[in-house]
Each structure stands twice: as C-alpha cells, then as structure tokens.
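K.L.:
please work out how this folds:
(2 chains)
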Amino acid sequence: MDWKWDFTFDVVLPRMWEAAGVTVYATFAAFLIAIVLGLVLMLLKSYGPKFVQYPVTEFIEFIRATPLLVQIFFLFFVLPDINITLPPVTTGILALGIYNSVLCAEVYRAGIQAVPRGQWEAATALNLSTYRTFRDIIIPQSLPPIVPALGNYLIAIFKETPLLSFVAVAEIMQISKLIGSEYYRFTEAVTIAGIFFLVMSLVAAAMVRVVENYVKRSILH
Amino acid sequence: MTGRLAAVAALLAFLLGLSVATFSDLRVFLPAILKGAVVTVEVTFWSLILFYVSAFLSGIGRGSKNTFIRWSCVVYIEVFRGTSLLVILFWFFFVLPEFGITLSPIVAGVLGIGLNFGAYGAEIVRGAIVAVPKGQYEACTALNISPLKRMLRIVIPQAVIIMIPGFTNLTIELIKATALVSAVTLVDITYASVQQNQLHYRTLEIFSVTLLLYYCFAQIVRFGMAMLEDYSKRHLLRKA
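P.N.:
This is a model prediction of the structure:
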C-alpha cells in the first residue's frame, strides 16, 4: 500500500470539501420533505376516509419494500418521459425524501399511539376540541419518542446520500469516484469518504442523544 | 397476508410467461432482467448467511465479560453502522487490492452487505438477549447449568422469538441493499434494468417491472418470516 499525503491534501481534500456541501444540502432538503410528507401520509393513513386509507397503506408498503436506488432511477428516467425535467440533485432529493417519508409516517404513528388512552378520554371529558386535544395534550406527549427517532432518520438519510452518485450528483461519493478514475488512485479518496461518513454519523448520533435528553426534560416536567 | 402472497405468485408467473411468450412486447428486455434477478438472489443468499452469523456473534460478544471480545465487537458494530454501505462496497472493491487483497465482485458485495447488516443485526440480538427475564438466568445458576449450555438451550431459544420481527425488517432491507452491488460491477436486477433501459428506452415498463420484482421478494420474505415466527412459537417454547 502507498498512501500519498501530498495527493490527499492537494487534490482529495479540497474537492471533497466542496462535495461535502452538496451532501449536507441534500441531506437536509430530503429530511424536510420526509418529515412534512411523512406527517401528511400518517394523517391520511390513520385519520383519512376509508377509501384513502387503503391505497395510502399499500403505497407505504410498496415504497418500503423496494430499493431506494431503483426508486432514484425510476424518478430520474421516468420523470423526463412525462416532460418533468429536474436537475439530478433535485430528483435525488425527491427520491430520498419520499423513501424516508413513509418511515417517518410510521414514527409519527407510533409516537401518537404511545400516548395513553386515558389522555384522550380525559380530553373528551373536559370537552376539548380536536385541535386543542392534539395541540395541547397529544402532540407534546408524543414528541419525546418521535424526536430521537426522526434524528436517527436524519442520520440514515445522510448515509443514503452516496446513492445519488449513481445519477451523477456531485456529492462526496461521486467526487471520490471521479478522483479515483481521473488519477487512477482510489485509496485516498474512498478511504476519506468512509472516514467522513463515520465521523459525521458518530457526531450526529451524539447530537441526537443531547436533543433527546433536552426534549425529555423540557416538555415533560 | 395470503391475499398479497397470491397476488405476488400470480405476478411472478405472469412475468415469467411474458418473458418467453412470442407475442409479448416485453420479451426484448424481460429475460435479461430475470437473469439479473438470479444474481440478486445469489447475492442475497450468501449475504444473509454472513449477516446472521455476524449478527449473532457480535450481538452475543457485545455482552461478553472478556474486555477484548466486548470491545472488538463494539468497534465492529460502530464502524459498520457509522459508514455508508456504498462506501464500504467501494472500499472493499477498489481499496483492498492496494493492501494486496483482491476480492471478486461477488465476494466484495457479499462481504460488504453481510458485515454491514450484521452490525445492525447485532443490536437486535443483544436487545433480545437482554429481554429474556433475569429469573431464567438465576434458574440456570440454581440448576448448575454451564454458561454455554445456558446460552444455547435456555436464552437463545427464548430470544429468537423476540428477534424475529426485527430480523424480518432487516432481511427486507438487505434484499433492497443488494441493489447496490451494481457498484462493484455485478449485473443484478438493478444494473440489468439500467442496461436494458439504455438499449431499449422502455423506461416506464422496465423500472416498473424492477420495482415489482423487489416488492415480490419482500412479500415472500414477510410471509416466510411470519411462518417461522409461528413455528418457533409452537416448537421453541414448550408448555409444561
């Protein structure tokens, strides 16, 4: 093995640094789509009319049962066919967001189900409106299990962004592939990409734990 | 559940028929994709074995009293859970040769997927072992059962039932993850469909078939695991 430090510092790191921005941007954009769309899906699945519930349930199962990579290809190749042309990074973010929204929907559902039934009954007994029941009683209590779970999905999305390299989005993995084929040296670039993901996910996991404790302390007292 | 499985079986039979029927339009690309499906099944099979072995070894090892065993399991779990699977596959395939270890594409794919998912599975194994009531351990001590026999005959049979739902999800995740082996030049379903798309531009049909195939695999696994759960509940726990 020969690891070249000057190659690492002069070529690999500067280009990786730019690519890291794309990775982080894609992660947060996809996360935003996932938490919003997930909420909509959960509401439709649990509280929507019957004829909506069934297709939504099957849609969730279908998205969960198929690989993200194929979904990315599907959007990337099929959307232009129906005259929707998006830049690759937007297509990728959309695919990542949809894929994770069904997982977030399950998180919301589990969080709301974890609120004891007595709380619902008490809200009915006190004649609270549905809106006030959700805003003041149910949602504050369901947040402690939901927040760390969503944090874990943020980390999961982050680790899924390398898949965007398949549709030539200039994120970390794509840049390390490019460096590898330009200089015919994969060692430094791919290793640094691996270390980048490892360090970032360990840091992010620690941060999720901090937020988890904060939510537990500040909402439930 | 059975309804969904019947639909899956019908769909698979239908696709198989279409791939040979002379009148079918899909005949131009279906056989190539089904050939890719064979590669996907092959990769899935071997990585599942590696996945279960490494999940059990590291999940049990994590609770070991021996510091060295415990810490090597923790390091393995954190490293493989912390990095991205695609990066690991690339690293195995393109960087390991630099260290003098050259892996064939299928070995690199199986190693990457199996070890990556093993790290996730370890948490399920550990959680299930912890969930076995403490009284069971104390009863083993009272009955003078050796630690090894305690693990194999008392703890694991009870823990397996707790593990099955978690392992069902991870097994489906693993099948989905095999789509990444195209990165190490294996022609699986996904790669085959990309190739066929470049040849025929039948985008919507090709990728719909691909998605449906993965969906079918996942439903088959879900059904199989539900039967396994049923079986283990009946046979692993003997009522007095």
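K.L.:
show me which residues of chain A sit near chain B.
P.N.:
Residues of chain A found near chain B (Cβ under 8 Å from any Cβ of the partner chain) are A:1-2, A:62, A:64-71, A:73-74, A:77-78, A:81, A:159-163, A:165-166, A:173, A:176-177, A:180, A:186-187, A:190-191, A:193-194, A:197-198, A:201-202, A:205. To be clear about C-beta, it is placed using only N, CA and C from the backbone, and glycine gets the same treatment.
K.L.:
quick one: buried ones out of those?
P.N.:
Among those, those buried by neighbour count (16 or more other Cβ atoms under 10 Å in any protein chain shown) are A:62, A:64-71, A:73-74, A:77-78, A:159-163, A:165-166, A:173, A:176-177, A:180, A:186-187, A:190-191, A:193-194, A:197-198, A:201.
K.L.:
need the residues that contact the helix or strand bottoming out on mean pLDDT in chain B.
P.N.:
Lowest on mean pLDDT, DSSP states H and E among the helices and strands of chain B sits helix B:2-20, with a mean of 76. Contact with helix B:2-20 is made by B:24, B:26-27, B:30-31, B:34, B:209, B:212-213, B:215-216, B:219-220, B:223, as judged by Cβ atoms under 8 Å, 6 or more residues apart in numbering or on different chains.
K.L.:
go on, stretch A:169-182?
P.N.:
Contacts of stretch A:169-182 (Cβ under 8 Å, 6+ apart): A:11-12, A:15-16, A:18-20, A:22-23, A:26, A:88-89, A:92, A:161-162, A:164-165, A:168, A:185-186, A:188-190, A:192-193, A:196-197, B:84, B:86-87, B:90, B:94.
K.L.:
tell me which element residue 175 falls in.
P.N.:
Picked chain A for this. helix A:172-183 (DSSP states H and E).
K.L.:
wait, chain B
P.N.:
Short version, using DSSP H and E: B:I175 is in helix B:156-177.
K.L.:
ok, then the element right after that helix?
P.N.:
Next along from helix B:156-177, by DSSP H and E: helix B:189-200.
K.L.:
what's the first helix or strand after that next one?
P.N.:
Sequence order places helix B:203-235 as the next helix or strand after helix B:189-200, per DSSP H and E.
K.L.:
what helices or strands is that following helix leaning on?
P.N.:
Helices and strands touching helix B:203-235, by 3 or more Cβ pairs under 8 Å, 6 or more residues apart in numbering or on different chains; DSSP states H and E, are helix A:50-65, helix A:68-81, helix B:2-20, helix B:30-61, helix B:156-177, helix B:189-200.
K.L.:
what angle sits between the third one and helix B:203-235?
P.N.:
Computed with axes from the mean of the first three to the mean of the last three Cα atoms, to 10 degrees, the direction of helix B:2-20 lies at 140 degrees from that of helix B:203-235.
K.L.:
give the buried residues for helix B:2-20.
P.N.:
B:5, B:8, B:11-12, B:15, B:18-19.
K.L.:
next: the shortest one.
P.N.:
Taking 16+ other Cβ under 10 Å as the basis for neighbour counts, the residues of helix B:189-200 that come out buried are B:189-197.
K.L.:
what do you get for the fifth one?
P.N.:
Going by neighbour count (16+ other Cβ under 10 Å), the buried part of helix B:156-177 is B:156, B:158-164, B:166-168, B:170-172, B:174-177.
K.L.:
show me what the helix holding B:I175 is in contact with.
P.N.:
Outside helix B:156-177, the residues that reach it (Cβ under 8 Å, 6+ apart) are A:64-68, B:40, B:44, B:47-48, B:51-52, B:85, B:113, B:116-117, B:120-121, B:124-125, B:127-129, B:131-132, B:136, B:214, B:217-218, B:221-222, B:225-226, B:228-229, B:232-233, B:236-237.
K.L.:
repeat that with 7 Å
P.N.:
Contact with helix B:156-177 is made by A:65-67, B:44, B:47-48, B:51, B:85, B:113, B:117, B:120-121, B:124-125, B:128-129, B:131-132, B:136, B:214, B:217-218, B:221-222, B:225, B:228-229, B:232-233, B:236, as judged by Cβ atoms under 7 Å, 6 or more residues apart in numbering or on different chains.
K.L.:
which among the residues you listed end up buried?
P.N.:
Among those, those classed as buried by 16+ other Cβ under 10 Å are A:65-67, B:44, B:47-48, B:51, B:85, B:113, B:117, B:120-121, B:124-125, B:128-129, B:132, B:214, B:217-218, B:221-222, B:225, B:229, B:232.
K.L.:
what's the angle from the host helix or strand of A:F31 to helix A:50-65?
P.N.:
For A:F31, the host element (DSSP H and E) is helix A:13-47. Going by the same axes, to 10 degrees, helix A:13-47 is angled at 150 degrees with respect to helix A:50-65.
K.L.:
give me the angle between helix A:13-47 and helix A:172-183.
P.N.:
Using the same axes, to 10 degrees: helix A:13-47 against helix A:172-183 is 150 degrees.
K.L.:
what helices or strands is helix A:13-47 leaning on?
P.N.:
Judged by 3 or more Cβ pairs under 7 Å, 6 or more residues apart in numbering or on different chains; DSSP states H and E, the packing partners of helix A:13-47 are helix A:50-65, helix A:88-113, helix A:139-160, helix A:172-183.
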